[in-house]
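Trainee: Just need the structure, nothing else, for what follows:
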Amino acid sequence: MRKPLIAVPMGDPAGVGPEIVAKAIASKEVTDIADCVIIGDQQVMENAIRIVGENLKIHTITDPAEGDYQPGILNLIDLHNVDMDAFAFGKVNGMCGKAAFGYIEKSIALANDGKVDAVSTTPINKESLRAGGVDFIGHTEIFGALTHTDDPLTMFETNGMRVFFLTRHVSLRQMLDMITKERIKDYVKRCLLALEKLGVKEGTMAIAGLNPHSGEHGLFGWEEVNEIIPAVEELQAEGYPVVGPIGADSVFHQAAIGKYNSVLSLYHDQGHIATKTLDFEKTIAITNGMPILRTSVDHGTAFDIAGTGKVSAVSMIEAIRLAAKYAPNFTK
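Mentor: Down below sits the predicted model:
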């Protein structure tokens, strides 16, 4: 049986993306479980391989079917879109932002065409995207637009604990206004469908509490009484495997030890703190609700150490591992 074939866009050339790609492709953890095709720039990748000191040979291809998938080979679709005379590590650069978008765009096209089984993304820089005239704020928005998906779902997975987010990049004040019964019901249904598509068909989703002790029946806030509990009760009546609200000080631990197959976090930091405290480097973002599977490292371009070879590739390796894990179920 063939290994899952994963497209890996190189990321912002001025960041640590090329270095974590080189380290990951050289690792036995990756070569044992997946075949990878890198979309990037050959000069940048050659430089990254030298910096990290890996023994890799670049094999340039135009299509994943041309790849030589064996240890020691980095299969590269070279978009040749970085002028090394205008390049510098660790700097916001419109050229690099535009190049990074090009790698993502090509990766999505390969996945949309069924030429790869999944995409595992590397860090990009929002300021560089903007400087390069790219009209997207980040990966999720790019994937949504290029796969014609209106509202992709973000899920974090960390050592088997899965966390979805009801709200993300809004203020806490705005978040409170978004905690509605109908929004919770819609998200739970979509999250459970996403889990099923990944092959997770057993177990129960838990809804995290919002207020201390889930509000204590209105003593510490009314969101649980007015919105969250009614949503859970209606979902249960419709046959959905969901419980809650469960106090946020315990629900993530309970999910981590296997009591729940997932948690719906109600706001950005609630879920981020839980996953990243459990294991920062192995917190991986999985974008669901699209026709293609995407996993991603959950760290930035690390401009401060770009070009030094110091960056850890643990997160990149884990992102590829999860893409390989879920791709066979996702593509059934």
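
Trainee: residues in contact with the nearest residue to residue 169 once chain neighbours are set aside?
Mentor: In space, and not counting its chain neighbours, residue 169 is closest to residue 268: 6.5 Å by C-beta to C-beta, 6 or more residues apart in numbering. From N, CA and C alone the C-beta is placed, and that goes for glycine too. Counting by C-beta atoms under 8 Å, 6 or more residues apart in numbering, residue 268 makes contact with 165, 167-170, 175.

Trainee: In a markdown table, list those residues along with pLDDT, neighbour count and distance to residue 228.
Mentor: A markdown table is the format used below for those (pLDDT from 0 to 100; neighbours: other C-beta atoms under 10 Å; distance: C-beta to C-beta, whole Å):
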| residue | pLDDT | neighbour count | distance to residue 228 |
| --- | --- | --- | --- |
| 165 | 94 | 21 | 15 |
| 167 | 89 | 20 | 13 |
| 168 | 81 | 14 | 18 |
| 169 | 80 | 11 | 21 |
| 170 | 85 | 13 | 18 |
| 175 | 91 | 19 | 13 |
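
Trainee: now, which of these lie within helices?
Mentor: residue 175 (DSSP state H).

Trainee: TSV for the contacts of residue 268, including distance to residue 20?
Mentor: Listed next are those as TSV, based on distance: C-beta to C-beta, whole Å:
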residue	distance to residue 20
165	24
167	29
168	24
169	24
170	30
175	32
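
Trainee: Quote the end-to-end distance of stretch 297-305.
Mentor: This stretch, stretch 297-305, spans 17 Å end to end (C-alpha to C-alpha, to the nearest Å).

Trainee: So for this protein, the centremost residue is which one?
Mentor: Among the residues of the chain, residue 285 comes closest to the average C-alpha position under C-alpha atoms, centre = their mean, at 2.7 Å.

Trainee: now stretch 82-102, how far from the chain's geometric center?
Mentor: Its chain's C-alpha centre and that of stretch 82-102 lie 23 Å apart, by C-alpha atoms, centre = their mean, to the nearest Å.

Trainee: which of the residues in that stretch are buried?
Mentor: Neighbour counts over stretch 82-102 (16 or more other C-beta atoms under 10 Å) mark 82, 87, 89-90, 92-102 as buried.

Trainee: what does that stretch contact?
Mentor: Contacts for stretch 82-102 (C-beta under 8 Å, 6+ apart): 9-15, 17, 41, 43-44, 79, 81, 124-125, 127-134, 136, 142, 303-304, 306-307.

Trainee: And the strands in the stretch 51-200 of the chain?
Mentor: Along the stretch 51-200 of the chain, counting by DSSP state E, counting those that start in this stretch, strands occupy 57-61, 73-78, 118-121, 153-158, 161-165.

Trainee: Can you list the neighbours in contact with the first one?
Mentor: The one in question is strand 57-61. With C-beta under 8 Å, 6+ apart as the criterion, strand 57-61 contacts 37, 42, 45-46, 49, 67-68, 72-78.

Trainee: Hmm, residue 295 and the residue nearest to the centre of the chain touching each other?
Mentor: Yes. Assessed by C-beta atoms under 8 Å, residue 285 is found in contact with residue 295 at 6.9 Å.

Trainee: Please report the distance of the spatially closest residue to residue 130 that is not a sequence neighbour from residue 16.
Mentor: Closest residue to residue 130 apart from its sequence neighbours, by C-beta to C-beta, 6+ apart: residue 97 at 7.0 Å. Distance, residue 97 to residue 16, using C-beta to C-beta, to the nearest Å: 15 Å.
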